[in-house]
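S.K.: based on what follows, work out the 3D shape:
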Amino acid sequence: MTAFILRRLLQAVPVLGGAILLTFILFHAVGGSPAAVVLGQQASPAALEAYERERGLDRPLFFGRWARTRALADQTFSPLAPTPDAWWAPVSHGAPGLVIPLRLPLEAGAAYRLMLEWQPAPNRSMRQQLDFDGAGQQALSVAAPAGATAGNLQAVRLRRRLAHPLQSQLTAYLVRLARGDLGRSALTGQSVTALLRAGIGPSLCLTLPIFFGGLLLAVWISLAAAHAHGRWPDRLLLLGCSALMSVNYVIWVIAGQYVLGFKLGWFPIWGFESWHYLLLPVLIGILVGLGPDVRYFRTLFLAEIHRDYVRTVYAKGAGPARVLGRHVLRNAALGIITHVSLSIPYLFTGSLLLESYFGIPGLGGVSVQALQAADHDVLRAVVLLGALLHILINL
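M.R.: As a prediction, this is how the structure comes out:
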């Protein structure tokens, strides 16, 4: 048993590493600039550069010696979009060359590399490379090679040299995780750990009653349906389960808020001031989850009801309540535990829809806000928390 447990623990390590790597990659695969989303499209290049530098977003994703800089965006030219005339000026003893304006001064003491591609003839291309120190420059002067003209410049790229190839976003992320640092929220400025700690409480206040209330109710209904197998109560319960599964989650939320909250006034529909504010979202959460749970548990109970030991217990004079409660339920418990254990991670990560629609400040609402604001550190932490819980539950 000890060897088995150690083997399972060792198997969990690469799974967790894969989850961390996949989470990191997916949040960069969507594209776009987090700095532009957070600071706005009208933010200055200096502000964008400072934001990315502070969070390590100006580095290569995995490894590399050179990083992009907002001082000069990558430029690609063609006959339809030629080099700006303002770039051309005599730069060296009257020779033609480029004076490339920069959007912000280069960092003094940092090493840069400017790369240019020319195509003086259809089948001939030239590359020009210039390494230099930033020294606060606001424009770059480059002597054009022989045969170069304004019409045959193809591309211009500027890169900043890094200290070593592993100075990447992935390395910085892994180092922060090893220190237990999940980053800071770009939306609120708080540490992500503090946000998670503050959001787990409200999420558990919502999800725990849904989990246990839904489980007990689904087991009870499933036992009743299995006992009445083939008769009208069973068919009626199956019809109700199909109806619950066919209606979208959002419809239940909106209908519950409008009818029970707004029209009848039985429940508050927004806030988290007392347990009374949780009654309607808990009721909706239990109702929505009943359909699939009842159908699954009913299948488990039916498989047990038709076994020989059940007929033997009935033959000994035991009543239905004793048979179903002490024998059928006990022998089907393994399947029930396996099914409901997969829901445990969602108890901690919260319900996105319920928390958003009812104004509950749990991790689900925090995740929705972070998604709308492209707050990558918060989103990555929530996804990583869910992945870690799934791994632990499966272990």
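S.K.: can you pull the contacts of Ile200?
M.R.: Contact analysis of Ile200 by Cβ atoms under 8 Å, 6 or more residues apart in numbering lists 348, 362-363. For glycine as for every other residue, the C-beta is placed from the backbone atoms N, C-alpha and C.
S.K.: buried ones in the helix or strand harbouring it?
M.R.: If you go by DSSP states H and E, Ile200 is part of helix 192-227. Within helix 192-227, the residues that count as buried by 16 or more other Cβ atoms under 10 Å are 192, 195-196, 199-200, 202-207, 209-211, 214-215, 217-219, 221-227.
S.K.: kindly report the same for stretch 376-383.
M.R.: Using 16+ other Cβ under 10 Å as the test for burial, stretch 376-383 gives 376-383.
S.K.: same thing with stretch 39-57?
M.R.: Using 16+ other Cβ under 10 Å as the test for burial, stretch 39-57 gives 39, 43, 48-53, 55-57.
S.K.: again with stretch 365-373
M.R.: Quick answer for stretch 365-373 (16+ other Cβ under 10 Å): 365-370, 373.
S.K.: likewise for stretch 66-78?
M.R.: Residues of stretch 66-78 classed as buried by neighbour count (16+ other Cβ under 10 Å): 66-72, 75, 77.
S.K.: quick one: mean pLDDT for that stretch?
M.R.: For stretch 66-78, mean pLDDT rounds to 87.
S.K.: what lies in contact with it?
M.R.: 45, 48-49, 52, 58-60, 83, 100, 102-106, 112-113, 140, 153-162.
S.K.: narrow these to those in helices?
M.R.: Judged by DSSP state H, helices contain the following of the contacts of stretch 66-78: 45, 48-49, 52.
S.K.: give me the below-cutoff pLDDT ranges for the stretch 1-150 of the chain.
M.R.: The stretch 1-150 of the chain contains residues with pLDDT under 70 at 29-32, 92-94, 150.
S.K.: out of the buried residues of stretch 365-373, the closest to Ala19 would be?
M.R.: Nearest to Ala19 among the buried residues of stretch 365-373, counting by Cβ to Cβ, is Ser367 at 16.9 Å.
S.K.: which SSE is the closest one in?
M.R.: Per DSSP H and E: helix 363-372 holds Ser367.
S.K.: so after that helix, what's the next helix or strand?
M.R.: Under the assignment DSSP H and E, the closest C-terminal helix or strand after helix 363-372 is helix 376-394.
S.K.: so how far is that next one off the chain centroid?
M.R.: The chain centroid and the centroid of helix 376-394 are separated by 9 Å, computed with Cα atoms, centre = their mean, to the nearest Å.
S.K.: how about the CA coordinates for that helix, as PDB?
M.R.: What follows is helix 376-394 as a C-alpha-only set of coordinates in PDB (Å, rounded to 0.1, in the frame of the first residue of the first chain):
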ATOM      1  CA  HIS A 376      -4.600  37.300 -16.200                       C
ATOM      2  CA  ASP A 377      -3.000  36.800 -12.800                       C
ATOM      3  CA  VAL A 378      -6.400  36.300 -11.100                       C
ATOM      4  CA  LEU A 379      -7.700  34.100 -13.900                       C
ATOM      5  CA  ARG A 380      -4.600  31.900 -13.900                       C
ATOM      6  CA  ALA A 381      -4.800  31.500 -10.100                       C
ATOM      7  CA  VAL A 382      -8.500  30.400 -10.200                       C
ATOM      8  CA  VAL A 383      -7.900  27.900 -13.000                       C
ATOM      9  CA  LEU A 384      -4.800  26.600 -11.300                       C
ATOM     10  CA  LEU A 385      -6.700  26.200  -8.000                       C
ATOM     11  CA  GLY A 386      -9.400  24.200  -9.800                       C
ATOM     12  CA  ALA A 387      -6.800  22.000 -11.500                       C
ATOM     13  CA  LEU A 388      -4.900  21.400  -8.200                       C
ATOM     14  CA  LEU A 389      -8.200  20.400  -6.500                       C
ATOM     15  CA  HIS A 390      -9.100  18.000  -9.400                       C
ATOM     16  CA  ILE A 391      -5.700  16.400  -9.100                       C
ATOM     17  CA  LEU A 392      -6.100  16.000  -5.300                       C
ATOM     18  CA  ILE A 393      -9.600  14.600  -5.600                       C
ATOM     19  CA  ASN A 394      -8.600  12.100  -8.300                       C
END
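S.K.: the one helix or strand Thr299 maps to - what's its average pLDDT?
M.R.: Using DSSP H and E, Thr299 sits within helix 279-305. In this model, helix 279-305 has a mean pLDDT of 90.
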